[in-house]
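Asks: Show me the folded form of this:
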Amino acid sequence: MKKFTYQATQKLYALIVGIIFLLILFGQWCSYRMKKGFLVPNIVILVGFILVGLVIYCWRYKENRKQKEARTWNYDLVVKISLIVLFVIQIFIAYNIVFEPGWDAGAIYNSAKIFVSGNRADVVKRYSFSMYPNNLLLLFIESAIISFSNLFANENEIVQLMVFAVLNSMINVAACYLTYKSANLIFKKKIAFAAFILAVLNFGLSPWNVIFYSDSLGLIFPVLTFYLFMKPNKTEKMDWISKIIAVIVGCIGYNIKPQCFIMLIALFIIRFFSYLKDKKKLLQIVILAGCFILSLITIKASVNMICERSKIVLDSSQTFGMSHFLMMGNNEEGGGVYSEDDVTYSKSFATPQERKKANIQRAFERIKDMGAAGYSRFLAKKMLTVYNVGTYAWGGEGNFFMTVFPQPNNRISAFLRNIYYTDGKYYDIFVTVKQIIWVFVMGAVAVSGLGKENRQEVIVLMLSIVGLTLFEVLFEARARYLYTYAPVFCILAASGIEKLSNKLS
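Replies: So this is what the prediction gives:
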């Protein structure tokens, strides 16, 4: 059963990632929602990588014949120094491009300011927490951070947003480090270092650091859950502690970004089938599942208690469940992304029960109306919306740059804003560079699914990406929803690099 589970996971992963990669290479000639043009076609990028790779391989082959002694690096030290430099660069970039976002991120930020000001009951007027109660934990986190920044900033918005950017950068740097440490659980340090380099290029220098929202905040949770759950421990007691913390981390991540829970599901599934013949270890999985439920109840009760004490009154009859996002995710006209018409439709029902029934009925009607061929085309376009953008759809939400502040430095700030702002002079170059990095990552991720693979850690990562992709297939699609799993993509890309390197050797 264990072997079958591993093989089935890898085959499903190879199929899904292979199809996605082919769509990325050839999907530019079809139209889809939120399509972004690049200065260089994806297929040209891939051919370029192949040619450069062949040149490097030939050069390395000649060098190895001349000099057999391999250079040894202190990869741990290089990574730690690089992280310090990366953090400084992130803060410098944030200081020069920081702005107040619109859409949900800005709405929750402004709700948090209202919460801190004392008019706590009015936060529901700024953002519909009754419809989206999952954002309440984010509201309270932001409120606590704003309260802290007000101690020395006197309600200065730029300072508040910079404090958010600093925290985002800390999370980002930690995610880069955990990418390296998690990869080192599976590969030699050299390959783990490759995963780290990809992490820095892919998300380490991402402008998403200046937006404190569930995507950037959730970046740490899947990779931290994986590392704590899978890392070896010296004693049984430490093993229990590590796994319990991993479960709590996964639960917190779930309450910030539901997709974070997929990693914990993958860990439970793989460990369950691995422990089928070991009753003691099987019992551990059952106890850890109980810990998750207990953590979920505790967080829910804490959020409800804060709402009650703050006199925040929610209307439970307005809550949008997963059925709403299922319906919206199968809206062919809307491309499977956010649809205001679908929101209006869901609002038209008085009770959650009626809404759920109507949402599910409409979702399946849409699938039926598309037919098998039409639904396949729809899913292909939907996957392009999600996967064919290396910036994770930076600038793709409505009113993205709500408030742009005066430039702190005329030369440097103007240059950086020309790179990262969507109306900037060098924005297309930035988008193309990020796409080049993303095509390489996804190509290596596709290679990781080839050949034989029996390492449990890699199978867990593969299953998490399968789950994430299925989530995007079924529900509302967004490229930024992949951002929380960027470290996982980089680790799997390192696995592909290792396989390709071994094959060439």
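
Asks: Please compute how far stretch 224-243 lies from its chain's middle.
Replies: Averaging C-alpha coordinates over stretch 224-243 and over its chain gives two centres that are 23 Å apart (Cα atoms, centre = their mean, to the nearest Å).

Asks: now stretch 121-139
Replies: Average the C-alpha atoms of stretch 121-139, do the same for its chain, and the two points are 22 Å apart (Cα atoms, centre = their mean).

Asks: so where's the chain shaky on pLDDT?
Replies: Within the chain, the stretches falling below the threshold (pLDDT under 70) are 59-71, 505.

Asks: Please identify the buried residues of the longest helix that it contains?
Replies: Counting residues, the longest helix found in the chain (DSSP state H) is helix 352-387. By neighbour count on 16 or more other Cβ atoms under 10 Å, the buried set for helix 352-387 is 352, 355-356, 358-360, 362-363, 366, 370, 375, 378-387. All C-beta atoms are positioned from the backbone trio N, CA, C, and that covers glycine.

Asks: going on from whatever helix or strand Ile89 lives in, what's the next piece of helix or strand?
Replies: Under the assignment given by DSSP states H and E, the secondary-structure element containing Ile89 is helix 75-97. Sequence order places strand 99-101 as the next helix or strand after helix 75-97, per DSSP H and E.

Asks: in its sheet, what does that following strand sit against?
Replies: strand 401-404 (antiparallel) (DSSP bridges).

Asks: Just the angle for the helix or strand where Leu25 lies relative to helix 352-387, thanks.
Replies: Of the helices and strands defined by DSSP H and E, Leu25 is found in helix 2-26. Per axes from the mean of the first three to the mean of the last three Cα atoms, to 10 degrees, the angle that helix 2-26 makes with helix 352-387 is 70 degrees.

Asks: Just the buried residues of helix 2-26, please?
Replies: 2, 5-6, 9-10, 12-14, 16-17, 20-21, 23-25.

Asks: One more: stretch 116-131?
Replies: For stretch 116-131, the neighbour count (16+ other Cβ under 10 Å) marks Val116, Arg120, Val123, Val124, Arg126, Tyr127, Ser128, Phe129, Ser130, Met131 as buried.

Asks: What is the end-to-end distance of it?
Replies: 22 Å (Cα to Cα, to the nearest Å).

Asks: Can you pull out the residues in contact with that stretch?
Replies: The set of residues that contact stretch 116-131 without belonging to it, under Cβ atoms under 8 Å, 6 or more residues apart in numbering, is 104, 107-108, 110-112, 114-115, 135-136, 139, 143, 146-147, 150, 310-316, 318-320, 347.

Asks: Confirm that Asn331 sits in a strand.
Replies: No - the secondary structure assignment for Asn331 gives coil rather than a strand, going by DSSP: H, G, I helix; E, B strand; the rest coil.

Asks: wait, what's in contact with it?
Replies: Ser339, Asp342, Arg366.

Asks: Check the gap between it and Ala165 for me.
Replies: 34 Å (Cβ to Cβ, to the nearest Å).

Asks: returning to that earlier point: mark which of the buried residues of stretch 116-131 are part of helices, please.
Replies: Residues of the buried residues of stretch 116-131 located in helices (DSSP H): Val116, Val123, Val124, Arg126.

Asks: nearest spatial neighbour of Ala477, skipping sequence neighbours?
Replies: Nearest residue to Ala477 in three dimensions, chain neighbours excluded: Gly336, at 4.5 Å (Cβ to Cβ, 6 or more residues apart in numbering).

Asks: and if you look at Trp103?
Replies: Glu397 (4.2 Å).

Asks: Please report the distance of the one you found from Leu205.
Replies: Computed with Cβ to Cβ, the distance linking Glu397 and Leu205 is 20 Å.

Asks: ok, the closest residue to Asn409 other than its chain neighbours - how many residues close by?
Replies: On the basis of Cβ to Cβ, 6+ apart, the spatially nearest residue to Asn409 that is not a chain neighbour turns out to be Asn96, at 6.4 Å. One way to gauge burial is a neighbour count; for Asn96, by other Cβ atoms under 10 Å, it gives 18.

Asks: these two touch, right, Asn96 and Ile419?
Replies: No - with contact defined as Cβ atoms under 8 Å, Asn96 does not reach Ile419; the gap is 10.0 Å.

Asks: check contacts around Lys113.
Replies: For Lys113, the contacting residues are Ile146, Gln160, by Cβ under 8 Å, 6+ apart.

Asks: so how far is Leu450 from it?
Replies: Lys113 is 51 Å from Leu450, by Cβ to Cβ.

Asks: how about Ser348, phi and psi?
Replies: Torsion angles at Ser348 (phi, psi; degrees, to the nearest 10) stand at phi -70, psi -10.

Asks: Number the residues from 31 up from this point.
Replies: Let's use 31 as the start, then, which means that last one is Ser378.

Asks: how much space is there between it and Phe170?
Replies: Taking Cβ to Cβ as the measure, Ser378 and Phe170 are separated by 30 Å.

Asks: of the two, who's got more company?
Replies: Neighbour tally, Ser378 and Phe170, criterion other Cβ under 10 Å: the higher count belongs to Phe170, 18 against 10.

Asks: in which helix or strand would I find the more buried one?
Replies: The secondary structure element spanning Phe170 is helix 166-183 (assigned by DSSP H and E).

Asks: just how off-centre is that helix within its chain?
Replies: Distance of helix 166-183 from the chain centroid (Cα atoms, centre = their mean) equals 23 Å.

Asks: what's next to it, contact-wise?
Replies: Defining contact as Cβ under 8 Å, 6+ apart, one finds that helix 166-183 is touched by 138-139, 141-143, 145-146, 153, 157, 159, 186, 189-190, 193-194, 197, 242-244, 247, 285-286, 329, 333, 336-337.

Asks: In ChimeraX, select just the buried ones from these.
Replies: Written as a ChimeraX command, the selection of buried residues from these, which uses 16+ other Cβ under 10 Å, is:
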select :138,139,141,142,143,145,146,153,157,159,189,190,193,194,197,242,243,244,247,285,286,329,333,336,337
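
Asks: In helices, which of the contacts of helix 166-183 fall?
Replies: Of those, the ones assigned to helices by DSSP H are 138-139, 141-143, 145-146, 153, 189-190, 193-194, 197, 244, 247, 285-286, 329, 333, 336-337.

Asks: Tell me the spacing between Ala476 and Leu45.
Replies: Counting by Cβ to Cβ, the gap from Ala476 to Leu45 is 11 Å.

Asks: same check, this time on Gly248
Replies: Taking Cβ to Cβ as the measure, Gly248 and Leu45 are separated by 27 Å.

Asks: Counting neighbours, which bits of the helix holding Ile119 end up buried?
Replies: Residues of helix 105-127 classed as buried under the neighbour-count rule (16+ other Cβ under 10 Å) are 105, 109, 112-113, 116-117, 120-121, 123-127.

Asks: Let me have those in a markdown table, adding distance to Ile274 as columns.
Replies: Rendered in a markdown table, the data for the buried residues of helix 105-127 read as follows (distance: Cβ to Cβ, whole Å):
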| residue | distance to Ile274 |
| --- | --- |
| Tyr105 | 30 |
| Val109 | 28 |
| Ser112 | 32 |
| Leu113 | 27 |
| Leu116 | 31 |
| Phe117 | 30 |
| Gln120 | 32 |
| Ile121 | 34 |
| Ile123 | 37 |
| Ala124 | 34 |
| Tyr125 | 39 |
| Asn126 | 42 |
| Ile127 | 40 |
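
Asks: So which of Glu427 and Leu235 has more stuff around it?
Replies: Each of Glu427 and Leu235 had its neighbours counted (other Cβ under 10 Å), and the higher figure belongs to Glu427 (19 against 16).

Asks: Report the contact partners of Leu197.
Replies: With Cβ under 8 Å, 6+ apart, Leu197 has these contacts: Ile175, Phe242.
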